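Asker: I would like to see how this sequence folds:
(one chain, ligands or ions: 1)
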Amino acid sequence: MSNVKTRPRYSKSPKESKVILIHESLPEDANAQGNVHGGVVMKLMDAAAGVASRRHCRTNVVTARVDSLEFLSPVYIGDLIIIKAILTYTGRTSMEIKVKVESENMISGKRTPTTSAFFTMVALDENGKPTEVPTVLLNSENEKQLYEAAKMRVSERKKRLIRSSR
Ligand SMILES: CC(C)(COP(=O)(O)OP(=O)(O)OC[C@H]1O[C@@H](n2cnc3c(N)ncnc32)[C@H](O)[C@@H]1OP(=O)(O)O)[C@@H](O)C(=O)NCCC(=O)NCCS
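Answerer: Below you'll find the model as predicted:
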């Protein structure tokens, strides 16, 4: 932490980095019964979190942690997978990205919540070391609520990190 390179810090709105990714589920994404593999959805979520965080900090990033991932409903071959990623919080070098996934039946148009998770992404400099990120500019009430909830999760994670390093 002490070696973190400092950069001029400025603020950016989560709207500037928000991502919506749409993937049509194909047979290679699924098992023999037509259920899309969880790993396929997780990879798309990681990709969306990666793009949202890179758009925010404009450096390379890595995924440090994923929290609260659970699958609420199945996705089948032919469904659209709609992934929304939004920045909720910035630390010094880390960012929390909330990723929500819905499936859409292409015939009925019905959308079903599938999963959501919180990704911790860390910005890296050209030497692969954590580097400072722009702070988050909160405009709407919703953005402020997301930030406050994220702040509590980050504080819990830091406590767990300290405990596990003892
Ligand atoms: C993530 C990583 C860069 C952190 O490196 P580090 O030397 O521990 O860096 P630091 O201790 O300075 O932590 C940097 C930031 O990451 C956060 N962080 C580190 N590990 C974390 C974890 N397991 N969970 C949540 N946050 C974490 C720290 O709290 C800190 O945040 P802050 O600057 O906003 O306060 C390093 O552990 C790593 O490279 N991990 C592998 C990442 C990877 O390969 N991911 C999969 C492929 S993308």
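Asker: count of residues packed around the closest residue to the ligand within the chain?
Answerer: Nearest residue of the chain to the ligand, counting by Cβ to the nearest ligand atom: G91, 2.2 Å away. For glycine as for every other residue, the C-beta is placed from the backbone atoms N, C-alpha and C. Using other Cβ atoms under 10 Å, G91 has 19 neighbouring residues.
Asker: Could you list the low-pLDDT ranges of this structure?
Answerer: Scanning the chain with the threshold set as pLDDT under 70 gives 1-3, 5-8.
Asker: what separates the longest helix seen in it from the chain centre, distance-wise?
Answerer: The helix that spans the most residues within the chain, counting by DSSP state H, is helix 141-164. Relative to the chain's own centre, helix 141-164 is displaced by 14 Å; criterion: Cα atoms, centre = their mean, to the nearest Å.
Asker: Wait, a strand at S108?
Answerer: No - read with DSSP: H, G, I helix; E, B strand; the rest coil, S108 is coil and lies in no strand.
Asker: ok, which residues in the chain are in contact with the ligand?
Answerer: Applying Cβ under 6 Å from any ligand atom, we find that the chain lies next to the ligand at 1, 4, 62-65, 91-94, 120, 122, 130, 157-158, 161.
Asker: hmm, 8 Å instead?
Answerer: Proximity of the chain to the ligand, by Cβ under 8 Å from any ligand atom, involves residues 1, 3-4, 46, 50, 61-65, 90-95, 120, 122, 124, 128-130, 132-133, 154, 157-158, 161.
Asker: before we move on, back to that, using neighbour counts, pick out the buried residues of the longest helix of the chain.
Answerer: For helix 141-164, a neighbour-count test (16 or more other Cβ atoms under 10 Å) marks E143, L146, Y147, A150, R153, V154, R157 as buried.
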